[in-house]
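[1] kindly return the folded structure for what I paste below:
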Amino acid sequence: MTTLDTLRARLDKVGQSHILAGWNRLDAASQSRLAGQIDAMNVDEWPSLVEKYVKSKPSLDLPADVKPAPYYPHAGGTYDAAKYKAIGEQLFKGGKVAAFVVAGGQGSRLGYEGPKGCYPATTLTDKPLFQVFAEQLLAARARFGRDIPWSIMTSPLNHAETTAFFEDRRYFGLGRENVTFFPQGVMPSFDLTTGKVLMSAPGEIATNPDGHGGSITALHKSGTLAALRARGIEHLSYFQVDNPHVKVCDPLFVGLHASAPDSSGEMSSKMVAKAAWDERVGVFCLVNGKLDVIEYSDLPQALGRATNPDGSLKFNAGSIAIHMLGVAFLERLATDPAFALPFHRAEKKIPCVDPATGAPITPAANNGVKLERFIFDALARAKASIVLETDRVEEFAPIKNATGADSVESCKKLQTLRAARWLACCGVTVPMTPSGEPDCIIEMSH
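    Numbers count the residues shown, from 1 in each chain. Presented below is the predicted three-dimensional model:
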């Protein structure tokens, strides 16, 4: 364990010595845990973070040159889809593609105590989300004749439970050697007024996950990126654990990402046409000629409402957090400070304790700042990026809420609707209601 004198010197240097105020009241185990917390963090960057994100609020100055992003349409016609699909298939067969899911969340908003990836999500058999994705990887292995490695980013909160879940289910038949787990990084939470690091309990720094953009650093620090490179992997299929409709292995998307003339093969994205101008999804835009995502709350209403002559939205390319990422690009983002992603600031009510006395503090108003990174900010670092449109029913049925939009209920309806489509394509007659919805419940596996 790092000595107390060393810890004090490091914290004195950055003006955060209060973290050790209650050291002498801690038992040996608690002292060790606190020392480990400090050692795991980049303490030296705290002063610059406090200055930039806590004591001041970075403002979003939207450039004048913001245009709708171009994209490859789902219906095809403007490009040779068969050609790019064939290229993608060869990359899978050559062992060049791996899957990567961000799975650090808990299912508490759904009334489920456990990792969100363990949530029983399907319509009839209650398969967990992790199994839905595993079955896609098994189907792809059968189709392409190659194991497809799967990297799973957990969180410190659910890492042990997630790994135990996979162990108990024998990795769903994928093979332990093909599934890698690593925890997401965390950031200290800062006092909104002073910039001091908050303490969640005596001897424990208040932390928050560093965002899905932190997955890039976690991939690198865990050694996962190097291990994938050693296996010959060149591209990662990135998705989030709450969307059971994602196509984990999509040859068309992989082929476009790797070989389209307007793609650098560094980062590509999928989009769906927005359901309405005020749908709460980020929007792909061209900002000064570069592809970027503007959060729905940051896009001026005049732009958000703007329409084409046919009445469709001009800014209609909704981001659904599905990307292809080049391994070499990820390595550069993780190791070159010039390519590091920016932090985003959020003011929150953060329960904490007085570091000197250990007395609990329950704030009545926002008292802290949490910092996180967003994966889509990497788009601005890529040389050239492309966007592929996908069908909303086919690939976007997120489970974020217990009821209402993007809920368990809405997801299960979409699962049945998608399965009904698939069956209809095979000539199966599916009973339908007068309003055109399936008059049944269907579950289909890949």
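
[2] per-residue pLDDT of residue 1, please?
    Looking at residue 1, its pLDDT stands at 59.

[3] residue boundaries of the helices in the stretch 151-300 of the chain?
    Taking DSSP state H, counting those that start in this stretch as the criterion, the stretch 151-300 of the chain contains helices spanning 159-168, 215-221, 224-230, 251-259.

[4] of all these, which one is nearest residue 418?
    Closest of the helices of the stretch 151-300 of the chain to residue 418 is helix 251-259, at 17.4 Å (criterion: Cβ to Cβ). Glycine gets a C-beta too; all of them are placed from N, C-alpha and C.

[5] before we move on, the earlier item: want to throw the helices of the stretch 151-300 of the chain into a markdown table with mean neighbour count and mean pLDDT?
    Shown next, in a markdown table, are the helices of the stretch 151-300 of the chain (neighbours: other Cβ atoms under 10 Å; pLDDT from 0 to 100):
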| stretch | mean neighbour count | mean pLDDT |
| --- | --- | --- |
| helix 159-168 | 15 | 98 |
| helix 215-221 | 22 | 96 |
| helix 224-230 | 17 | 98 |
| helix 251-259 | 24 | 98 |
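
[6] how about residue 377: what's its closest non-neighbour residue?
    The shortest distance from residue 377 to any non-neighbouring residue, by Cβ to Cβ, 6 or more residues apart in numbering, is to residue 341 (4.6 Å).

[7] ok, that neighbour - how many residues close by?
    Neighbour count of residue 341, defined by other Cβ atoms under 10 Å: 22.

[8] tell me the secondary structure for it?
    Using DSSP: H, G, I helix; E, B strand; the rest coil, the structure places residue 341 in coil.

[9] before we move on, back to that, using TSV, please lay out the helices of the stretch 151-300 of the chain together with distance to residue 55.
    Formatted as TSV, the helices of the stretch 151-300 of the chain follow (distance: least, Cβ to Cβ, whole Å):
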stretch	distance to residue 55
helix 159-168	33
helix 215-221	24
helix 224-230	34
helix 251-259	40
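
[10] nearest to residue 282, of those helices?
    Comparison of these against residue 282 by Cβ to Cβ identifies helix 215-221 as nearest, at 16.8 Å.

[11] just to revisit the earlier point, okay, the residue nearest to residue 377 and residue 374: tell me how far apart.
    Using Cβ to Cβ, to the nearest Å, residue 341 is found at 7 Å from residue 374.

[12] intersection of neighbour lists for those two?
    Any residue near both residue 341 and residue 374 by Cβ atoms under 8 Å, 6 or more residues apart in numbering counts here, and that gives residue 213.

[13] for residue 304, what are its contacts?
    Residue 304 neighbours (Cβ under 8 Å, 6+ apart): 277-278, 283, 296, 313, 315.

[14] that should have said residue 391, apologies.
    Residue 391 neighbours (Cβ under 8 Å, 6+ apart): 74, 272.

[15] any idea how far residue 164 is from it?
    To residue 164, residue 391 is 36 Å away according to Cβ to Cβ.

[16] any idea how far residue 54 is from the residue nearest to residue 377?
    Residue 341 is 18 Å from residue 54, by Cβ to Cβ.

[17] what does residue 331 give?
    30 Å.

[18] neighbour count winner among these two?
    residue 54 (21 against 17).

[19] so where's the protein shaky on pLDDT?
    1 (pLDDT under 70).

[20] just to revisit the earlier point, most surrounded residue in the contacts of residue 304?
    That'd be residue 283 among the contacts of residue 304, by other Cβ under 10 Å, with 27 neighbours.

[21] hmm, that one is touching residue 320, no?
    No: using Cβ atoms under 8 Å, residue 283 makes no contact with residue 320, being 11.4 Å away.
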